[in-house]
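**Q** Sequence and computational prediction follow.
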Amino acid sequence: TVIWKIIWLIGIFCLGLYFLYTYLHCICIFRQSLPMGKENFGSRESEDRINSAHSLRRHVKVRISDRICSPLTYGIVHPVILLPKKMDLENSERLDYILLHELAHIKRLDALGKICLAAVLTCHWFNPFVWIMYYLANRDIELACDEEVIRMIGNGKRSAYAGVLLEWEAQKTEVNLLASCFM
């Protein structure tokens with residue numbers, strides 16, 4: 001039984017290191033991101049519009065990075081929506097869908113939920129059902145946000161939103177396990 005405890009602790013240590021490395025790598029990416037410039041749609045104006053239109057208790061910042069391929073959110077106390085630099089910001093309808101999806105993550109505190117999921121997975125790394133739970137919970141987080149966006153925009157625009165989802169899914173090359181991504 002002592003050998004199993006040692007193996008279990010080694011697994012916790014390795015998976016914990018993996019999540020810590022991923023988290024620190026993401027922090028580097030987030031710190032290198034830039035605020036949205038006025039040439040896009042006005043950094044301060046867009047943030048004020050987002051925060052006032054959705055009555056959030058926390059101020060949301062919108063930033064741009066050339067090191068990501070899909071929009072995502074990060075932060076619990078000071079949430080940030082991070083958009084890829086290659087994204088077409090001229091298409092306001094598409095941008096609104098993306099911002100609504102990311103705001104749904106922020107409202108639901110999905111960043112905190114993903115950290116809790118990672119902690120549970122780290123402690124129960126040996127259980128295949130926990131791995132399945134982790135995968136399905138992450139998928140359900142995304143589906144819940146999609147459902148909330150559809151509820152906000154109405155069923156008439158559902159196909160346009162689905163088109164945006166498909167477009168970003170086709171461009172996605174990596175999955176971030178600790179950030180909430182537009183999927």
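**A** Structure received. Numbering: from 1, shown residues only.
**Q** Pull out the buried positions in the longest helix belonging to the chain.
**A** Ordering each helix of the chain by length in residues (DSSP state H) puts helix 2-31 first. Buried residues in helix 2-31, counting neighbours by 16 or more other Cβ atoms under 10 Å, are found at Leu15, Phe19, Tyr23, Cys26, Ile29, Phe30. No exception for glycine: its C-beta is placed from N, CA and C like everyone else's.
**Q** List just the nearest of these to Leu100.
**A** Within the buried residues of helix 2-31, the smallest distance to Leu100 is 21.2 Å, found for Phe30 (Cβ to Cβ).
**Q** Contacts only, for the closest one.
**A** Applying Cβ atoms under 8 Å, 6 or more residues apart in numbering to Phe30 gives the contacts Arg63, Ser65, Tyr74, Val80, Leu82.
**Q** elements contacting the helix or strand hosting the last one?
**A** Spelled out, that is Leu82. Element membership for Leu82, per DSSP states H and E: strand 80-84. Applying 3 or more Cβ pairs under 8 Å, 6 or more residues apart in numbering; DSSP states H and E, one finds that strand 80-84 contacts strand 61-65, strand 72-74, helix 92-107.
**Q** Most tightly packed of those?
**A** Compared across those, strand 72-74 shows the largest average neighbour count, a mean of 24 (mean count of other Cβ atoms under 10 Å).
**Q** Give the rounded mean pLDDT of it.
**A** Computed over strand 72-74, the mean pLDDT rounds to 91.
**Q** Please apply the same query to stretch 143-156.
**A** Average pLDDT, stretch 143-156: 93.
**Q** do stretch 163-173 as well
**A** Across stretch 163-173, pLDDT averages out at 78.
**Q** between the longest helix of the chain and strand 61-65, how big is the angle?
**A** Helix 2-31 and strand 61-65 are oriented at 90 degrees to each other (axes from the mean of the first three to the mean of the last three Cα atoms, to 10 degrees).
**Q** quick one: helix 2-31 to strand 80-84, angle?
**A** Using the same axes, to 10 degrees, the direction of helix 2-31 lies 70 degrees away from that of strand 80-84.
**Q** who's in contact with the helix or strand following helix 2-31?
**A** Downstream of helix 2-31, the first helix or strand assigned by DSSP H and E is strand 34-35. Residues outside strand 34-35 that contact it (Cβ under 8 Å, 6+ apart) are Ser43, Lys61, Val62, Arg63, Ile64, Ser65.
**Q** Lowest-confidence one in those?
**A** Within the set of the contacts of strand 34-35, pLDDT is lowest for Ser43 (47).
**Q** For stretch 64-82, could you pull out the residues that count as buried?
**A** Using 16+ other Cβ under 10 Å as the test for burial, stretch 64-82 gives 64-65, 68-75, 79-82.
**Q** For Ile3, state which of those residues is nearest.
**A** Using Cβ to Cβ, these come closest to Ile3 at Tyr74, 39.0 Å.
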